[in-house]
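Asks: quick check, what structure comes out for this input:
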Amino acid sequence: MMATDELLELKFRLYDGTDIGPDKYASATTVSTLKESILAQWPKDKEISPKTINDVKLINAGKVLENNKTLGESRISIGELPGGVMTMHVVVRPPVTDKTNEKQASLSPKKRCNCTIL
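Replies: I've put the predicted structure just below:
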C-alpha cells in the first residue's frame, strides 16, 4: 500500500501523441482533480478538445480510472524505477451529435448509381 503523502510524477499522453506534464501529484489526489488539471492545461491548438471532465477518460495500465477514486485507491504504483514518470493515456469522448439531424439525414433520399455490371 502506498503512503498517503507519496508523490507520483505523471504525464498525460493525448490522442495525437503529444504530452501534458509531467507534474507531481499526491496519491490522495482524485481522478476528477487530475482531469480538471488536464482541462486547464489542454493545448488550445488541438482540433478536438474536451469541454468537461466527463468528456475525458484516463487510462493507466489498461484500466479506465473512476472519477471518485484517488490515485492510491486506483492502485497506481510508481513502477519499478524510483523517480520514474508514469504515462497515462487520455481519451476524449467524441462530441454528441444531434439525433434529430442524424435521423433527417438518414431519411433523405440518397443518390445511388444506376450502373449495371454485365
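Asks: any weak-confidence spans in the protein?
Replies: Residue ranges of the chain with pLDDT under 70: 1-5, 76-83, 95-118.
Asks: can you do 50?
Replies: Residue ranges of the chain with pLDDT under 50: 1-4.
Asks: let me see the ranges of the strands in it.
Replies: Taking DSSP state E, the strands of the chain run over residues 7-13, 19-26, 56-60, 63-64, 86-92.
Asks: got a list of contacts for the helix ranked longest in the chain?
Replies: For the chain, the helix that runs over the most residues, judged by DSSP state H, is helix 31-41. The contact list for helix 31-41, computed with C-beta atoms under 8 Å, 6 or more residues apart in numbering, reads 10, 12, 20-21, 23, 25, 50, 52-53, 56, 58, 65-71, 74, 88, 90. Where C-beta positions appear, they are placed from N, C-alpha and C, glycine not excepted.
Asks: and stretch 67-76, by the same measure?
Replies: Counting by C-beta under 8 Å, 6+ apart, 1-2, 4, 8, 25-32, 34-35, 53, 60, 63, 65-66, 86 sit against stretch 67-76.
Asks: and that stretch, what's buried?
Replies: By 16 or more other C-beta atoms under 10 Å, the buried positions in stretch 67-76 come out as Thr70, Leu71, Gly72, Ser74, Ile76.
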